[in-house]
Structures are given as structure tokens and as C-alpha cells.
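Visitor: Structure for this input, please:
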Amino acid sequence: MRFANAPLLLLLVLPALAAWQVWQRRITARIAFSAVGLLREAPRRRARWARLPEWLAIAGLAALVVALARPQLPSGVERVTRRSRNIMVALDISSSMKATDFQPVNRVTAARAVLRDFVLKRDGDLVGFVIFAGKAFVQAPLTTDVRLIGGMLERSDIGQVPDGTAIGTALAMSLNQIKEMPAAGSCIVLVTDGANNTGKPTLPQAIEAARALGVRVHAIGLTSADTTSVALNGVWSVRDRASRLSKADEETLEKVAERTGGRYARATSPQQLDSLLSAVDELERHEVPVRESRRYKELFPFLTAFGLLLLAGDRALRATWLRSAP
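Guide: The predicted structure is shown next:
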């Protein structure tokens, strides 16, 4: 069930306050009789139900408030087919991504900004997101909500997962999200600044899995042609040649792309990273079945009728069986 006007449910505080007041006014009336025999004629049964009209009115008011919020029940699930690309983004957030060679920011900040712009342009495509360092985590499965992915990219940062570079694990998790989709329209965008050094499955196993599924991996290596400053605790920095992609690292990433039919390229600036992502646009869009609930049954007519019936019962009882003298 969902409510089309959910904020209106806050109005339920009104019948709740009324119910609390009725409960607080439970006072037993004391009447003095000149003779005990008169008690036989006291209207004890009606006295027990004296508060009934008030409770009916409160319940009727509550029902009308819920009706205003428009409760809805799904009445059918409709399969919708759309033409889209299916893209999994795998972003490295290991500590080496602190390198500040992508001036004026470090690598992870530059990668997040470029990837966010890239994702927000994927209107009509299905996009998912994986972060990895020593371990990998699926931040979002394939979805058409590219703004959600963009927000998650902005919030991803170094330190969320143990350090390391588990590229094989990240690829395996990405493949698990995309394996049911048409392979010709599916790819993984891998952005990293190092080679696989931890995690399961191994990188060769993940590569062969992607090859078997026909999913292309576009690998982008973030590096610098010169020594780089690696920020430490946001205050100090050191010069560190080890933060560059080695020849062996690049050969590994080239193999990932080559074996899966994708492309490898090194990026030494945010502008270059942005241009490399254009390879994804060459993917052909394919029809993908998307299951969406689109038909809903409105419940407000029934609740409105029920609420009005309760209010009518309140009025009727006050005018007849439970009427009271002024």
C-alpha cells in the first residue's frame, strides 16, 4: 500500500487529541436517590454507552483523514520494455586515490565529478554502481534513477572499505548485476589507479567470466606522467613515485579490456577521463524488460463512505437512543 498524499496523515493528530480528551473525562456520575427501589429504574444500560457517539465521531474523523491521504493498493504489475544501455560503474576508492596529481583535487574527487556528469547524461539507460578497495560493495543495482547514482557517487570516499585493490571482486559483483541483460548493450566502466592485489575471485577468473557473458569492460587507469603528491590527513603531503601506474599495472588493465572486447586508456587529467568515457556511447541500445507497477486501486472512496457512516451513527445515536437533556 502507498499514500498519494502521505503528509496529510499528520492530521491524525487531531482525532488522537480528541480521543485523549474523551479518555480523560471518564467521570462516574453520582446521583442521590431518596429510596433504594428507584435504582431499579435507573438507565444503567444507556449509561454504559454514553460515550459511544463521541468515539464514533473520532473514528469517523480519523477515517476521513486517512481517506484524504489517498491510500492506494497495486492492482496489477505491467511489464514495460525499453531500449537502453546497461552500464555498471566500478570506482576504486583505495588510499592511493588520494594522489593530488589531478589538480586542483585528488584522483578520487576528480573521478567522482566526471563520473557523476557521465551518469547524469545516461537518461534512458540503466546504470548501477560498485565501489571497491580491499573489498567491493554494490552501492546501487541497475536503475533508471541516474540522480540516485549521481548522489551516491558524490558521497563515496576513501576509507569506506578496507584498503587494497580488489578489481576481480568488483568485476564479479558488477557482472552479477548485469548478467541477465543483453550482452551487446552491456558494459562495465572500471576506474582505478592500480592493479588487483587482493580479493576473490581472482582477476583472471573475473575476466574470463566477463568474456563468457559477452560483457565488455572499459578500463581507465588514473595516473600521472610525473611524481605526485599524496595527501596525508588533509594537511601534509609527500612526493611518491609508487602512486603512479606501473608498466605491469597498465598491461594488466589492457588485458582486462582486450579479453572482454572493451578499451583501455590512461587518464592523466579530468578532461582526458571525460573524453575516454565517450566509448560507452558506441554501445547499441537493446530492448530490456522493466517490471513496473503502474496501476493502483484507490481506497479513498471506501474510507470516505466509512467515515461518513460513523459520523452519521454519532448524530443518530445522539438524536435517539442516547439523546440527553440540555
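
Visitor: what residue ranges in the stretch 1-150 of the chain score low on pLDDT?
Guide: The stretch 1-150 of the chain contains residues with pLDDT under 70 at 26-48, 76-80, 82.

Visitor: Helix, strand, or coil at residue 322?
Guide: coil (DSSP: H, G, I helix; E, B strand; the rest coil).

Visitor: Run a quick neighbour tally on it.
Guide: Residues lying near residue 322 (other Cβ atoms under 10 Å) number 17. Where you see a C-beta, it was placed from the backbone N, CA and C, and this is true even at glycine.

Visitor: That one against residue 53, yeah?
Guide: Yes - using Cβ atoms under 8 Å, residue 322 is in contact with residue 53, at 6.0 Å.

Visitor: Please name the nearest non-neighbouring residue to residue 108.
Guide: Distances taken as Cβ to Cβ, 6 or more residues apart in numbering put residue 97 closest to residue 108, at 3.9 Å, once the chain neighbours are dropped.

Visitor: How about the contacts made by the one you found?
Guide: Residue 97 is in contact with 106, 107, 108, 111, 158, 193, 222, counting by Cβ atoms under 8 Å, 6 or more residues apart in numbering.

Visitor: and those as a markdown table, adding secondary structure and neighbour count?
Guide: Shown next, in a markdown table, are these (DSSP: H, G, I helix; E, B strand; the rest coil; neighbours: other Cβ atoms under 10 Å):
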| residue | secondary structure | neighbour count |
| --- | --- | --- |
| 106 | coil | 22 |
| 107 | helix | 30 |
| 108 | helix | 24 |
| 111 | helix | 27 |
| 158 | coil | 19 |
| 193 | coil | 27 |
| 222 | strand | 29 |
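
Visitor: Please parse this protein into its domains.
Guide: Domains of the chain are assigned by automatic domain parsing as 2-23+42-70+299-319, 80-289.

Visitor: Quick one: name whatever helix or strand follows the one helix or strand residue 151 maps to.
Guide: Using DSSP states H and E, the element containing residue 151 is helix 146-155. Using DSSP H and E, the helix or strand that follows helix 146-155 in sequence is helix 167-178.

Visitor: how near is the residue nearest to residue 108 to residue 222?
Guide: Taking Cβ to Cβ, to the nearest Å as the measure, residue 97 falls 7 Å from residue 222.

Visitor: what is in contact with the two at once?
Guide: Between them, residue 97 and residue 222 share these contacting residues under Cβ under 8 Å, 6+ apart: 107, 111, 193.

Visitor: which residues touch the first one?
Guide: Okay, so that is residue 107. The contact partners of residue 107, taken as Cβ under 8 Å, 6+ apart, are 96, 97, 98, 99, 100, 101, 193, 222.

Visitor: Same check on the second one?
Guide: In this structure, residue 111 makes contact with 91, 92, 97, 191, 222, 273, judged by Cβ under 8 Å, 6+ apart.

Visitor: Tell me the confidence at the closest residue to the fifth one other than its chain neighbours?
Guide: In space, and not counting its chain neighbours, residue 222 is closest to residue 193: 4.2 Å by Cβ to Cβ, 6+ apart. Note on residue 193: pLDDT of 88.

Visitor: Next up, the contacts around residue 193.
Guide: Taking Cβ under 8 Å, 6+ apart as the test, what residue 193 contacts is 92, 94, 96, 97, 99, 107, 221, 222, 223, 243, 245.

Visitor: what's the spacing between the second one and residue 250?
Guide: If you measure residue 94 against residue 250 using Cβ to Cβ, the figure is 17 Å.

Visitor: So which of these two has more stuff around it?
Guide: Remark: of residue 94 and residue 250, residue 94 carries more neighbours, 24 against 17, as counted by other Cβ under 10 Å.

Visitor: Tell me how many other residues surround the residue found closest to that one once you drop the neighbours it is linked to in the chain.
Guide: Setting aside the residues directly before and after it, residue 94 is nearest to residue 133 in space (Cβ to Cβ, 6+ apart), at 4.1 Å. Residue 133 has 26 neighbouring residues, counting by other Cβ under 10 Å.

Visitor: quick one: contacts for residue 133?
Guide: 92, 93, 94, 95, 158, 160, 161, 162, 163, 164, 165, 166.

Visitor: Verify the stated contact: the fourth one with residue 163.
Guide: What it means is residue 95. Yes - between residue 95 and residue 163 there is a contact under Cβ under 8 Å: 5.0 Å.

Visitor: That's all I had, so thanks and see you.
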